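Participant: I need the structure of the sequence given here:
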Amino acid sequence: MKLNELASALLITHIHGDANTEITGIEADSRKVKPGDLFLCVPGLTADGHDYAPKAIELGAAALVTERILDVSVPQLVVKDARYAMAALSAHFYGYASKEMKVIGVTGTNGKTTTTYLIERILSDQGFKTGLMGNIHIKIGSDYEENKATNTQEALELQRVFRKMADVQTDYCIMEVSSHGLDMGRVKGVQFRTGIFTNLTQDHLDYHKTMEAYQAAKGLLFSRLGNGFSAASAERQYAVLNADDSASEAYSRLTAAQVITYGIDRECDVRAADIQITAQGTEFRLVSFAGEALFRMKLVGKFNVYNALGAIASTLAEGVPLEQIRNSLERVAVVDGRMEVVSEGQDFLVLVDYAHTPDGLENALSTIREFAEGNVYTVFGCGGDRDRRKRPLMGEVTAKYSDYLYVTSDNPRTENPEAILEDIVPGIVGAGFPSEKYELIADRRLAIQKAIEGAGPKDVVLIAGKGHETYQDIMGVKHDFDDRLVAKAAIRGRIG
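Facilitator: Okay, here's the model as predicted:
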């Protein structure tokens, strides 16, 4: 594709140099540039792509996208906003691949991963070819690959993945959509069929600064669903909103898409009633616009009822019969790192969960309290270089529901681990939690071992914060660390 053909995706541009330069690829990371690539000089939060233009040219970049003319030897496509141009140009280069499938996006503070997993399971059970872009992995056809991005991928990588999915005739792509991805324009150009909202609680305020800004970022998914109607059902768009979360009222006003509400406490289109929760699973009666049914899931907790409701509502919109949705959900045993049971034959329960926000911890611990017959031991921490304001809140929540606490490192990143633990303590103390029942142990492995050593018959140990992650980020270095493997080793060491 020639440079001027790529430039046609944007109205206001200037080509400085040969407009007929052949472009064979697009790249925004100078280290990955190959001969013939168009290098995107995108300003970022910590670095400016313009500074890496010489390196890109050295590796063979045929042309650049810039916001200002640089003193270089290759042609430049000069644009007003390089980040916007990245979304528009990559969509054009990869043939607007998201239009070749139905894209279902899930946004919210908690529940995104589980909800996408459940939707993918339902649709694949119906014989559809599904793709998945989640926090755990990316699925293209029958192949899985690790997702190295902790938030939604940059627009260029998204469009590459969509092209790969389209090339294997994917019917549906189900993806997590982060507030960062929305705010930074990473999903601009993605043709969404459905947007799903799970919930909004405190998180990421290190980036968004205020809850109002955080809510507004999530709302971008629904405002971008389009403003047109269609007689063709395949072209209709849906906003699936949690009626029990007040942010849904704002999102319903933002979108022109058909709104489907789900929830437990309020009247809505898809509602769960008569909920029963045990350590073995969850039962509820579904009342919906498509009929009623009794669901018995292996997934545990009220929060998983909400996740299931979002999945049910969105797949009902795709015409999947209610009975078949139920059959799929009842076969789901576990989602990686989400209330995942770790068992080595011990007489107490060990659970690993990704809960890393005050609301996520409360969801997990309140669920455990509903079925725990003994004491609850909680191992948790807070991530470094992230919102410090939630740290005492997480301490307060864990103190409310736990009998013993082991406050430890999560991913300290570049912060002092001991300082992070001290930020958590005021919440524990303020809740009146006995000082002899909590310990500060920066070594996460040791904290997990001590909690498991202390547990007795019928007690529950919750190891929270990292879930499916297989590393611990300390001073910029990722060390191998999997809560599940560490817990297994500790149990085996205890029971011999």
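Participant: I'd like to know how far Thr13 sits from Val161.
Facilitator: 26 Å (Cβ to Cβ, to the nearest Å). Quick note: C-beta positions are derived from backbone N, CA and C, even for glycine.
Participant: can you check Leu440 too?
Facilitator: Distance, Leu440 to Val161, using Cβ to Cβ: 42 Å.
Participant: which one of these two has more residues nearby?
Facilitator: Neighbour tally, Leu440 and Val161, criterion other Cβ atoms under 10 Å: the higher count belongs to Val161, 22 against 18.
Participant: and that one, what element?
Facilitator: helix 155-167 (DSSP states H and E).
Participant: List the contacts of that helix.
Facilitator: Contact with helix 155-167 is made by 26-28, 40, 83, 86-87, 90-91, 93-95, 97-98, 100-101, 131, 133, 138, 140-141, 149, 152-153, 173, 185-190, as judged by Cβ atoms under 8 Å, 6 or more residues apart in numbering.
Participant: Distance of Leu462 relative to Asn307?
Facilitator: From Leu462 to Asn307 the distance is 18 Å (Cβ to Cβ).
Participant: no, scratch that, I was asking about Ile136
Facilitator: Ile136 is 15 Å from Asn307, by Cβ to Cβ.
Participant: out of those two, which sits in the more crowded spot?
Facilitator: More neighbours surround Asn307 than the other of Ile136 and Asn307, with 31 against 21 (other Cβ under 10 Å).
Participant: next helix or strand past the host helix or strand of the more buried one?
Facilitator: Secondary structure from DSSP H and E places Asn307 in helix 302-316. Proceeding N to C from helix 302-316, the next assigned helix or strand is helix 322-331, under DSSP H and E.
Participant: Could you count how many residues lie near Phe481?
Facilitator: Neighbours of Phe481 using other Cβ under 10 Å come to 18.
Participant: Which residue, neighbours along the chain excluded, lies closest to it?
Facilitator: In space, and not counting its chain neighbours, Phe481 is closest to Gln472: 3.9 Å by Cβ to Cβ, 6 or more residues apart in numbering.
Participant: Go ahead and name everything in contact with the helix or strand containing that neighbour.
Facilitator: Applying DSSP H and E as the criterion places Gln472 in strand 471-474. Strand 471-474 has contacts (Cβ under 8 Å, 6+ apart) with 384, 409, 411-413, 417, 444, 466, 478-481.
Participant: Helices - which of these land there?
Facilitator: If you go by DSSP state H, the contacts of strand 471-474 have 417, 444 in helices.
Participant: Buried ones among the contacts of strand 471-474?
Facilitator: By neighbour count, with 16 or more other Cβ atoms under 10 Å, those hold 384, 409, 411-413, 417, 444, 466, 481 as buried.
Participant: so which of those comes closest to Gln76?
Facilitator: Arg413 (36.1 Å; Cβ to Cβ).
Participant: ok, that closest one - contacts?
Facilitator: Neighbours of Arg413 in contact, by Cβ under 8 Å, 6+ apart: 383-386, 473-476.
Participant: In TSV, list the residues you listed along with distance to Gln76.
Facilitator: Putting the contacts of Arg413 into TSV (distance: Cβ to Cβ, whole Å) gives the following:
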residue	distance to Gln76
Gly383	39
Gly384	39
Asp385	35
Arg386	37
Asp473	37
Ile474	41
Met475	38
Gly476	33
